[in-house]
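Visitor: Would you be able to build a 3D model of this:
(chains A and B)
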Amino acid sequence: EDQVTQSPEALRLQEGESSSLNCSYTVSGLRGLFWYRQDPGKGPEFLFTLYSAGEEKEKERLKATLTKKESFLHITAPKPEDSATYLCAVQAVNDYKLSFGAGTTVTVRA
Amino acid sequence: GAGVSQSPSNKVTEKGKDVELRCDPISGHTALYWYRQSLGQGLEFLIYFQGNSAPDKSGLPSDRFSAERTGGSVSTLTIQRTQQEDSAVYLCASAPVGHYEQYFGPGTRLTVT
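Guide: Next up is the predicted model:
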């Protein structure tokens, strides 16, 4: 069974204080690893897909990286509007559903 | 363009009643998924539709849950004889052909009293 573990559960940052979120995964053949952002009361918003170890993707202050066992979401010089829950999910090569972690809730204080 | 839409946004029902939740996927997306997000738990896969193929129902928690997709577009998730443990946010997602990322709707918050 696919397993996704995210850490930490919660992260409180000062504006401008860079940090990283971790997503460890176990999957029987990785098709893709996905990062989503979820704001309270809303559905998850797609951020990135990573397909192979060594791959990196960037969007504004966010950068996602992938190894064979884990992915990191780096937040550089965060702003209050980056406050959200960040979800990591994996998709196995023989499947189409996403298996999600529990998420990391990021709070950025001005 | 328009994203995935879901209705109603909120639904309060009494234990034992049936409910129907609706999902309108992004136009042209052939894949449609239902997930459930319970308080304190991650997103849980329920069911997957792809074109005219038989749906993957492996995530449905009991036979009280069913879903259909009409005309390859709109989908309805039906929960019969609702129980308090069915209270959750039900999320629908769709994906285009040849792409694996899924685009989510805003969800329907179901409360069973």
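
Visitor: what's the straight distance from one end of stretch A:4-12 to the other?
Guide: End-to-end distance for stretch A:4-12, by C-alpha to C-alpha, to the nearest Å: 22 Å.

Visitor: got the residues of chain A near chain B?
Guide: A:4, A:31-32, A:34, A:36, A:41-46, A:49, A:87, A:89, A:91, A:96-103 (C-beta under 8 Å from any C-beta of the partner chain). C-beta here means a position set from N, CA and C on the backbone, and glycine is covered the same way.

Visitor: residues contacting the residue positioned nearest the centre of chain B?
Guide: In chain B, the centroid-proximal residue (C-alpha atoms, centre = their mean) is residue B:34; its distance is 3.4 Å. Residues counted as contacts of residue B:34 (C-beta atoms under 8 Å, 6 or more residues apart in numbering or on different chains) are B:23, B:45-48, B:67, B:75, B:77, B:90-93.

Visitor: Helix or strand: which one has it?
Guide: strand B:31-37 (DSSP states H and E).

Visitor: picking up where we left off before, look up which residues are beta-bridged to the residue nearest to the centre of chain B.
Guide: Note on residue B:34: beta-bridge partners by DSSP bridges are residue B:47, residue B:92.

Visitor: Buried subset of the residues of chain A next to chain B as a ChimeraX selection?
Guide: In ChimeraX, a selection of the buried entries from the residues of chain A next to chain B looks like this (16 or more other C-beta atoms under 10 Å in any protein chain shown):
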select /A:4,32,34,36,43,44,49,87,89,91,96,97,98,99,100,101,102,103
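
Visitor: Next step: the residues of chain A next to chain B restricted to strands.
Guide: Cross-referencing those against strands under DSSP state E gives A:4, A:31-32, A:34, A:36, A:45-46, A:49, A:87, A:89, A:91, A:99-100.

Visitor: What are the boundaries of the strands in chain B?
Guide: B:5-7, B:10-13, B:19-24, B:31-37, B:43-50, B:65-69, B:75-79, B:88-95, B:103-104, B:108-112.

Visitor: which one among the ones in strands among the residues of chain A next to chain B gets closest to chain B?
Guide: The shortest approach to chain B among these belongs to residue A:100, at 4.2 Å (C-beta to the nearest C-beta).

Visitor: I figured the closest one hits residue B:41, correct?
Guide: No: between residue A:100 and residue B:41 there is no contact under C-beta atoms under 8 Å: 9.5 Å.

Visitor: The strand holding residue B:34 vs strand B:108-112, what angle?
Guide: Orientation check (axes from the mean of the first three to the mean of the last three C-alpha atoms, to 10 degrees): strand B:31-37 against strand B:108-112 gives 40 degrees.

Visitor: what residues are up against residue A:14?
Guide: Contacts of residue A:14 (C-beta under 8 Å, 6+ apart): A:108-109.

Visitor: For it, give the beta-bridge partners.
Guide: For residue A:14, the beta-bridge partners are residue A:109 (DSSP bridges).

Visitor: so residue B:16 touches residue B:84, yeah?
Guide: No: in this structure, residue B:16 is not within contact of residue B:84 by C-beta under 8 Å, at 10.5 Å.

Visitor: Mutual contacts of those two, please.
Guide: With C-beta under 8 Å, 6+ apart, residue B:16 and residue B:84 have no common neighbours.

Visitor: How about the residues of chain B by chain A?
Guide: By C-beta under 8 Å from any C-beta, the residues of chain B that approach chain A are B:4, B:31, B:33, B:35, B:41-43, B:45, B:48, B:50, B:56, B:59, B:91, B:93, B:100-107.

Visitor: Understood, closing this out.
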